[in-house]
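Q: Predicted model and sequence follow; I will ask about them next.
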Amino acid sequence: MKDRQFWIVLGSLFVVFLIYWYLGHPMFNANRVVMFISIVAISATLLYNIRMAERGEEFYLRPIPGLKAVEEAVGRSTEMGKPVLYVPGIMDMDQVETVAGVIVLGHVAKMTARYETSLNVPVSRSIVMKAAREICRESYMIEGRPDMFHDDMVHYLTDDQFAYAAGVNGIMVREKPAACLYMGKFYAESLILAETGNSIGAIQIAGTASQAQIPFFVTACDYTLIGEEFFAASAYLSQKPELIGGVRGQDMVKAGVITIIILATLFRFLYEKWGIGFDVVKLLTVQ
Amino acid sequence: MNGLTELILKIGKVDRRWIFIVLAIVVFIPILVPIGMPIRATVTTKVVYDTIENLPPNSNVLVSIEYSPSTKPENHPMAISILRHLFKNDHKVFVTCLWPDGQFMAQDALKQVAKEEFGKIYGEDYVLLGFRPGGEAVIKGIVSNIRKLYTVDVNQTKIDEIPMMEGIYKFSDFAFLFTVSAGFPGTVEWVQYASDPTGVPMSSGVTSIQVNEVMPYVQAGQMKGLLAGMPGAAEYEALIGQKGSATSGMDAQSIAHLVIVLFIILGNAAFFIERQRSRKY
Amino acid sequence: MIWKRQIPILIVAVVGAITLFGWFIDQPDIKSFVDDDATQWYDILASFAIILGALNLIKLQFQKVAKKKKGWPYSLFAIGGFFFAITAGFFIKSLDNTVVWGAHVTTEGTLSKWIFDYMFTPLSATMFSLLAFFVASASYRAFRIRNFEATLLLAAGIIIMVGRVPIGSMISSWFIMYISVLALGIGVNSWKKNKMITFGVVGIGIVIVTIAGFLTGWPIDQPGIFYLPILQEWIYFYPNVAGARAIMIGIGLGIFATSIRYILGIEKSYIGE
Amino acid sequence: MSTTIILGAWIAVFLTFGIFSYLYKDNPFYKTAEHLFVGISAGYWTSLFFWTQIQPNLFGRLWPSSNYSSDSFWYMIYNGLGFFYSPGFPNGGVDKGHEIHNVVLGIPNIHYLIPFALGIMMLLSLIPKISWFARWGIAYTVGMAAGLRAYGFLNSNVIGQIKGTAASFSDPNLPFWSLTSPSIFNSIVILVGTITGLLYFYFSKEHKGILGKISKVGIYFLMISFGASFGFAVMGRISLLIGRFVDLIKYSGSEYYNATLWILVAMIIILGYDAFKNRGNNSSVSKDAA
């Protein structure tokens, strides 16, 4: 019973709901009870794991291959004495993917500080520029190299999608970076960036959850963090309890979803073949 | 053999604007000189056709337009073919838009099909309710009480002055929903906030790029078939027997695809040759 | 501090909880508030947000002109275009002036519709169609078979691209069988690295395919697994749906988790923290 | 063919070629067209959103014509606004057929003052010093979107997909093998693909041993899915290009005075002359910067 307070609250909520249910559950839309229970159950799982993480409980997160590739890429650009180009996507800080992109930038900035490689971060939103500068300055501080950090390492180009892609292309062609990292939310311009990066022979690593752009990054880049891998990587690097707890909680729910799929197939077979049990399909149809 | 490898490698180094010119020519010529290849309907397109064909006579059908001129070549032929099919079977068509410029697209389609081709009467056979901003919240408003959201139609006439709006108060008063969608808000939001919570059957015509996001709904039965991109629109034009812009675009689409596949194969051939060479030295 | 931080978090928590549990409440007037009024407020605020975004964009252009930043003359076009669209929307309805205010934004023959047809449509449609050219050049210069996963991706992509268009139904399944025998040969060659085995595999493969072809009279669409239109339909309706479904469930849970974190006030990225 | 349509055709063709000229290199034609696009879409959104939501559904509820009384204080404000912009505030109130609820102090639908106030605060946030004003309005939209999406995604994208994956294996006339119609083999493919795909995104355990093999199968299914969306994406882009060429061909007709031909030739000459004039310097940078 690790988190007594959590279980007491959950238990009492459950009892209150039972009493309310047996009192005829006024004002409650009964045929959506399956959704109500799953919302409460999943939220409780997430909250439980976040609280455990906040208590400092050690969670094992499997190593993310993409992150190792990032270290190799920065190492390679140090050998070749060329800069590292980091593109945090084209959207603003209200997008969860941009927030994850800035967190990964902090990790990359620590490496460029340690290896003394120059870092170039063109951005397309003013709030992203502020956040990116903050996190880079902090990383250079932690690595004990505040002297190496200068403000225009992170610089604003333009808000417009294609003008930004053209601007970043110009930087790639002029400075010929050895490593190009694309971490954040991308739309159609992902293709323009990855293709030019390919033509200058740079190592390219991408990370995004934008489903339509993942195929282009997978074929054009050397390594791609796909969807949730990107979020797990940023949680892993940020060491923020609510992010690590969130990843852990979602894993538990995913395991639950897989079990339910297997059980549902089984029950459906039993019910339709020999009439045993209950109609699972009706249960899962919530209107 | 050596000459060929040199040629492939040389193509790899060529300025990419030559590739742009090749694509422009390959797309331009088949539009001018149509070849007319046979179009074969796929299962998902047939399911849409059968679902609309089996709708009970003059039922209320909600058609929602969520695309803009930037994807008009894919979406507009779908809207026109579906409207032709609905008006041929004398259904009552109600049109809403979740995208601002969807209102223009709906206006063009209705003018061409309802007014000019079928001579339908506005306000009795079809009505254009127009655009309301708010994305998924607009869908939730239509599901619970459409009259609070749409008090006037696109020409600013009051709803209760429109005869066909009689008895239409919320989403479940419609027998079927067809949405023509190009992104957010679109088909996904209509499944999540309208069709799933109420059980009203729905189908959709989407741009090619959105097909992958929507296919799981079709396979799980949350949607009745799907028109997938311009090929889907061309197949539907063949099913209703009225050729349109999608069919005429298919020749150019076919040849352009072959050229892109050729580029991928050539590009990878050059990649293998270079890797072979770099391993030797 | 309270105004900038606590109150927005409180608004998110209260509005989020009401909307989330509004799905379950059956009581008429709470339901009508949650489903109708709260939704209407959302639509009104969404409109203000879009207008704010537009004005912000134009503010940037004004600053660019004021400070004479690089390329400022082009910002004059942006500002000119903005005021031209505003006059069409708010001041000059149309030349013959018969349209009601409000309907003028979309009715035929108005200035707004003219701007939409002859300026907005070509600009936004052409901007999107640029991507066709970049896809073509990237397909030559960037889409590489780096590993087995990339091979699967490109193979599925090519089968769908060719199978879905009319030309795909004209390619006979026997032609595809011959190509797969050659592809098998390349695979075996790079795996076994022995010339003899490769020639053996390819030779036997061709013989089998030819005999089977003669026996059945080379029907163009049999066997189905090698006929592109049927193969592409199977790919995008079964294995593709399985993969897309795994991603969809993952993202669905992710969005659920983020929404709950917003409502519980754990996630505050929307106010820039 | 009226002159406005012909003039429109010529402008449309100029803007189309202006954007296409980006393929050659970033040049003044492209920059002009692109900035016009930014300006026009900003102005166009502003007017459209005002006339489809704010005027009918906000002002229509706060100052309905059915409650109009020229001596009430509330409608005096309305007449003041009408003085500034009469089309938006026609005299006699806005007549959009809204029902009237809770009239307080002569103000109909008083609860709509809340979104009105939050909206004004959002517009005021343009002033740098009080840029945080926008947070309340944004908080409302973020809160409501969270409440809507939490339910919508869980119901349709999780539970709906579980139902779709748990296929029925008991149906006697379901064939074991068939490619394009439901069959036992296809149901197994969906079941295995979904479960292995989900396990690929499992982070709490090292992907070794059995879990390693399962997630390997999972990534194969994911790659096929990415391949399909790659194929569809290319298809969509080509369709859009076809649409543009069809329009250009239409405008090259004689009734439009062959707009396409003239503008194309003019642009090629201008850009060609410009390239010829400064072919010496930085031609390598501009070549690839496109």
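A: Structure's in. What do you need? Residues are numbered from 1 along each chain as shown, chains lettered A, B, ... in the order given.
Q: Need the pLDDT of residue A:123.
A: Looking at residue A:123, its pLDDT stands at 90.
Q: Surely it touches residue A:130?
A: No. Contact criterion Cβ atoms under 8 Å: residue A:123 and residue A:130 do not qualify, at 9.5 Å. Backbone N, C-alpha and C define where each C-beta goes, glycine included.
Q: which of the two has more neighbours?
A: residue A:123 (28 against 15; other Cβ atoms under 10 Å in any protein chain shown).
Q: Give the closest residue to that one in space, chain neighbours not counted.
A: The spatial neighbour of residue A:123 that comes closest, neighbours along the chain excluded (Cβ to Cβ, 6 or more residues apart in numbering or on different chains), is residue A:129 at 4.7 Å.
Q: show me what contacts residue D:92?
A: D:65, D:68 (Cβ atoms under 8 Å, 6 or more residues apart in numbering or on different chains).
Q: Quick check, pLDDT for it.
A: For residue D:92, pLDDT reads 78.
Q: same deal with residue B:122?
A: 92.
Q: what about the strands in the stretch 101-250 of chain B?
A: B:126-131, B:176-181, B:202-206, B:226-228 (DSSP state E, counting those that start in this stretch).
Q: Report whether the last one contacts chain D.
A: Yes. If you take Cβ under 8 Å from any Cβ of the partner chain as the test, strand B:226-228 does meet chain D, through residue B:228.
Q: Give me the number of neighbouring residues for residue C:5.
A: Residue C:5, neighbours per other Cβ under 10 Å, totals 14.
Q: Give me the distance between it and chain D.
A: Computed as Cβ to the nearest Cβ, to the nearest Å, the residue C:5 to chain D distance reads 8 Å.
Q: Are we agreed that that residue is in a helix?
A: Yes. Using DSSP: H, G, I helix; E, B strand; the rest coil, the assignment for residue C:5 is a helix.
Q: Please point out which parts of stretch B:213-223 sit buried.
A: Within stretch B:213-223, the residues scored as buried using 16 or more other Cβ atoms under 10 Å in any protein chain shown are B:213-220, B:222-223.
Q: Report the closest residue of the stretch 51-200 of chain C relative to chain D.
A: Closest approach between the stretch 51-200 of chain C and chain D, counting by Cβ to the nearest Cβ: residue C:89, at 2.1 Å.
Q: who's in contact with the closest residue to that residue other than its chain neighbours?
A: Nearest residue to residue C:89, sequence neighbours excluded (Cβ to Cβ, 6+ apart): residue D:47, at 2.1 Å. When contacts are counted by Cβ under 8 Å, 6+ apart, residue D:47 touches C:85-86, C:88-90, C:105, C:112.
Q: Hmm, which of these is lowest in pLDDT?
A: residue C:105 (77).
Q: mind listing the helices for the chain?
A: The chain I'm using is chain A. A:4-22, A:33-54, A:65-79, A:96-115, A:126-142, A:161-175, A:189-199, A:214-220, A:228-238, A:241-274, A:280-284 (DSSP state H).
Q: Wait, chain D was what I had in mind.
A: D:3-20, D:28-49, D:60-62, D:73-84, D:113-124, D:134-152, D:160-165, D:184-200, D:209-250, D:259-277, D:283-289.
Q: touching chain B at all, the third one?
A: Yes. Taking Cβ under 8 Å from any Cβ as the criterion, helix D:60-62 and chain B are in contact, through residue D:60.
Q: For that helix, report the contacting residues that lie outside it.
A: Contacts of helix D:60-62 (Cβ under 8 Å, 6+ apart): B:151, D:94-98, D:107-109, D:112-113, D:116.
Q: Can you tell me which of the residues you listed lies closest to chain A?
A: Nearest member of the contacts of helix D:60-62 to chain A, counting by Cβ to the nearest Cβ, is residue D:116, at 23.4 Å.
Q: on that earlier part again, out of the buried residues of stretch B:213-223, which touch chain A?
A: Answer for the buried residues of stretch B:213-223 near chain A (Cβ under 8 Å from any Cβ): residue B:213.
Q: Please list the residues of the stretch 151-281 of chain B that sit near chain A.
A: So the stretch 151-281 of chain B meets chain A at B:196-199, B:209, B:212-213 (Cβ under 8 Å from any Cβ).
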